[in-house]
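**Q** Output the structure for:
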Amino acid sequence: MSLKTIKQLLQMKRFLFYFFTLLPFISFSQNNNAPSSNDIHDIKITGYLQTQFQKAQSPGIYSWSGGDFNTNSDSRFIIRRGRLKIDRVDKFSSIVFQLDGTQDGIRLMDAFIQFHDSTFTSFKLTAGLFNRPFGYSIVYSSGYRDFPERARVFQTLMPRERDIGAMLSFQPKKTARFLTADLAIVNGSGLSARDYDSRKDIIGNLGFKFDSLVNKKLHLGFGGSIYKGTVRSNTNTYFKPTNNGFIGITDANNENRNFKRDYYGANLQLAYDNNFGNTTFKTEYIQGKQPGVAASSSISGFAASQSFAIQPSGNLYLRNFNGYFFWFTQQISHTKLTAIIGYDVYDPNTDIEEKEIGRPGNNTTAGDIKFSTLGYGLTYALNNRLKLTIYNEHVHNDATLLTDYQGDVKDNVFTTRLQYRW
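**A** Sure thing, here's the model as predicted:
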């Protein structure tokens, strides 16, 4: 067992100890696959706009903070998100349609219909394009999130957050109102693509929440999720992990074979209203198997382990991964100012240490590099619609044997964002 594997097991042990210590008290799983209001209403229009300026440490860096920078640019103005949501709710059904308009054009974000029956009021059926019901941060709206972006691991595994399919949700209206459960079947190829094989992916989510504990000041919660999917191989060779890298397996039967894409996640949220102001702590952990490809001159290390929207044409690399984030916010003396601190880690290949990546013969590439990000900043709520965010991110990777990654890449990013929500 490698030193890196031992470290990963110790990290996971500490996380599970921390998680299950709080398990008897509370759990929480928030799902925003819903109209703007559950009250019966005719067409309602809501949305938000995020415009921002960013300064990168180097020109042309790969970045999860709003996308990669152009080759000769280390600063930019962009429209990060421009959401327009239209919904309608009647007695037994609702419809949601949401667009996203940026400098890149207009894209469909949500388009789903929901049904519920007067006899089985605890159940709800959703069909169409919706957020994958996995964990906490995927389904939590970017218009309300304190941090500019989701953690790197979730952007990699579930780009654009959505998928097309059907979902059955369960939330008791009278007894056990603290319980939420979702079961979805989706294409697995994301919001912008048709399914490229006949297999479908299954997502399960279970959560609980208890609000207003300890004199109505403490809000605690946790949840757990599972994703069971596959990725089709388009070649007769795939690479499986070993302690020192990958080994190629060639067989004519490998073409058209489906390899496991499995994720397991746990999340926890705490909020406390105290004399200094509201304090929150949120964390989420995920691990599993992610079929990817090798990084190359045409595929960046970021894209090599990303989930596919189209059929991957190259050989598949079967990677064991893990990732997590910690988000901490503190309202400053009951003012409109809030301090925010975030830390996230994504290790796309837990079977190898960074110092071994790029060693001749082990078939590793930039798609196997572990990254961590420390972010800190302030938000200022000018009013209940307008918010200013200033955030600085320090992105770190350990040295490898690869030419472009023999030290920490200079890919820090500073962001100033103005958001208006209506």
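
**Q** Please make it C-alpha for all contacts and neighbour counts, starting now.
**A** Fine.

**Q** Helix or strand: which one has the residue nearest the centre of the chain?
**A** In the chain, the centroid-proximal residue (C-alpha atoms, centre = their mean) is residue 154; its distance is 2.6 Å. Assessed by DSSP states H and E, residue 154 sits inside helix 152-157.

**Q** cool, and residue 69?
**A** Going by DSSP H and E, residue 69 is not in any helix or strand.

**Q** got the phi/psi numbers for residue 252?
**A** Backbone torsions of residue 252, given as degrees, to the nearest 10, read phi -60, psi -30.

**Q** Please work out how many residues are found near it.
**A** Neighbours of residue 252 under the rule other C-alpha atoms under 10 Å: 10.

**Q** Same question for the one 10 residues further on.
**A** Other residues near residue 262 number 19, with proximity taken as other C-alpha under 10 Å.

**Q** Could you do residue 170 as well?
**A** 17.

**Q** low-confidence ranges in this protein?
**A** In the prediction, the chain carries residues with pLDDT under 70 at positions 1-31.

**Q** elements contacting the helix holding residue 154?
**A** Packing partners of helix 152-157 (3 or more C-alpha pairs under 8 Å, 6 or more residues apart in numbering; DSSP states H and E): strand 316-331, strand 337-347.

**Q** For the residue nearest to the centre of the chain, which residues are in contact?
**A** residue 138 (C-alpha atoms under 8 Å, 6 or more residues apart in numbering).

**Q** for residue 179, same thing?
**A** Going by C-alpha under 8 Å, 6+ apart, the list of residues near residue 179 reads 171, 172, 206, 207, 208, 209.

**Q** neighbour-wise, which of those residues leads?
**A** residue 207 (26 neighbours).

**Q** Who is it paired with across the strands?
**A** Applying DSSP bridges to residue 207 gives these bridge partners: residue 180, residue 223.

**Q** I'd guessed it sits against residue 180; true?
**A** Yes: assessed by C-alpha atoms under 8 Å, residue 207 is found in contact with residue 180 at 5.2 Å.

**Q** still on that earlier bit, direction included, what does the helix or strand following the helix holding residue 154 pair up with?
**A** Where DSSP H and E defines the elements, the next helix or strand beyond helix 152-157 is strand 162-170. Sheet pairing of strand 162-170 (DSSP bridges) gives strand 123-131 (antiparallel), strand 179-186 (antiparallel).

**Q** Adding distance to residue 138, write the ones you listed out as JSON lines.
**A** Output for the strands paired with strand 162-170, formatted as JSON lines (distance: least, C-alpha to C-alpha, whole Å):
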{"stretch": "strand 123-131", "distance to residue 138": "7"}
{"stretch": "strand 179-186", "distance to residue 138": "14"}
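
**Q** Let's see stretch 336-345 as CSV, backbone CA atoms only.
**A** Listed in CSV are the C-alpha atoms of stretch 336-345, where the atom choice follows Å, rounded to 0.1, in the frame of the first residue of the first chain:
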residue,chain,number,x,y,z
LYS,A,336,-24.3,43.4,5.6
LEU,A,337,-20.7,42.2,5.4
THR,A,338,-19.9,38.5,5.5
ALA,A,339,-16.4,36.9,5.6
ILE,A,340,-16.1,33.7,3.5
ILE,A,341,-13.4,31.0,3.5
GLY,A,342,-13.4,27.9,1.4
TYR,A,343,-11.0,25.0,0.8
ASP,A,344,-11.5,22.2,-1.7
VAL,A,345,-9.5,19.2,-2.9
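
**Q** Perfect, I'm done here.
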